[in-house]
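Undergrad: Build the 3D model from these lines:
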Amino acid sequence: MKIILQRPNEKFNKYTPYKVFANTTEITELKNGENKEVEINEDELNINAKLSFCGSNKIDIKELNNNDTIIIKGNYRLNRFMPFSGALAVFPAMFIVGNYGITAKYIGTILTSIILLFIIWTMTLGKNKWLELEHKNNE
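TA: Model (predicted):
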């Protein structure tokens, strides 16, 4: 079965190719703004994409028809927020060590904890939400 893999032109992850897998076998790599037509075996179970240690949702190959398109793109919110999360964690932490009063220390502690928990969630449980696969039926 032939499918079309499409990666839109993105500003984030611009210089890193997305690796596309059928089960655990790498099919191809997609560079920024690239489209490819690939042949996949219908015996495979699913298709997904990876970027470094991060990944995407899985699409069941049984749901695909010949010449269907799969759009592979970065998760907009995660790719926009995560590069700044380290700096965002430092800002409320300043209230913890500064001389701003006990209320400011509690608020700084809570905000820093929330940001750090989000970073930990993204690197562990949310790592397969970094990329998004979207099935587009071409019939």
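Undergrad: Show me what the strand or helix carrying residue 47 is packed up against.
TA: Per DSSP states H and E, residue 47 falls inside strand 46-51. Where contact means 3 or more C-beta pairs under 8 Å, 6 or more residues apart in numbering; DSSP states H and E, strand 46-51 is packed against strand 18-22, strand 59-60, strand 68-74, strand 131-136. Placement of C-beta: from N, CA and C, glycine included.
Undergrad: Now do the domain split for this protein, please.
TA: Listed by automatic domain parsing, the domain ranges of the chain are 2-75+130-136, 79-122.
Undergrad: any idea which of these scores lowest on pLDDT?
TA: The minimum mean pLDDT among the domains of the chain belongs to domain 79-122 (a mean of 79).
Undergrad: Can you measure across it, start residue to end residue?
TA: End-to-end distance for domain 79-122, by C-alpha to C-alpha, to the nearest Å: 11 Å.
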